[in-house]
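Peer 1: missing the sequence, but the structure's below:
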């Protein structure tokens with residue numbers, strides 16, 4: 001279980017992490033990318049009192065259109081594995097040019113998976129049947 005109240009500043013909730021613990025966990029000078037199963041604004045509201053807000057980026061549910069498959073839902077809300085990789089490449093300056101080819105592969109994968117979902121009405125078997133190898 002995850003206690004989202006840990007994100008709140010301790011002056012606003014007794015479960016909140018101290019500023020030192022929060023910054024030790026999330027750092028002050030690195031981008032923080034949340035992939036959240038709910039609405040992104042919730043994480044922003046929980047962390048509003050934390051320092052250096054521009055480092056916090058949240059992906060989550062956006063309610064965009066009719067969704068046919070789980071992967072299509074994830075892609076439309078930019079919470080899929082491909083968009084997360086692109087987000088990291090865009091936000092970590094040292095990755096820039098060295099990861100440009102990977103960024104293009106991720107964009108191609110998004111298009112390929114959306115086209116597959118539209119054509120066949122389901123996600124690719126390699127995604128549906130994937131299992132953690134460890």
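Peer 2: In hand now; what should we look at? Because the structure is predicted, anything quoted here is derived from the model rather than measured. Residues are numbered from 1 along each chain as shown.

Peer 1: residues of the helix ranked longest in the chain that come out buried?
Peer 2: Taking DSSP state H as the criterion, the chain has its longest helix at helix 100-120. By neighbour count on 16 or more other C-beta atoms under 10 Å, the buried set for helix 100-120 is 103, 106, 109-110, 113-114, 116-117. All C-beta atoms are positioned from the backbone trio N, CA, C, and that covers glycine.

Peer 1: and for residue 91, the neighbour number?
Peer 2: Close neighbours of residue 91, defined as other C-beta atoms under 10 Å, add up to 14.

Peer 1: now it: closest residue in space, sequence neighbours ignored.
Peer 2: residue 31 (3.9 Å; C-beta to C-beta, 6 or more residues apart in numbering).

Peer 1: got a list of what the one you found touches?
Peer 2: When contacts are counted by C-beta atoms under 8 Å, 6 or more residues apart in numbering, residue 31 touches 55, 57, 88, 91-92.

Peer 1: circling back to that earlier point, show residues contacting the longest helix of the chain.
Peer 2: 68-69, 71-72, 75, 80, 82-83, 85-86, 89-90, 123-124, 127.

Peer 1: just curious, which of these is nearest to residue 18?
Peer 2: Comparing the contacts of helix 100-120 against residue 18 with C-beta to C-beta places residue 90 closest, at 30.5 Å.

Peer 1: ok, what's across the strand from the residue nearest the centre of the chain?
Peer 2: By C-alpha atoms, centre = their mean, the mean C-alpha position of the chain lies nearest to residue 35, the distance being 2.9 Å. Under DSSP bridges, the beta-bridge partners of residue 35 are residue 59.
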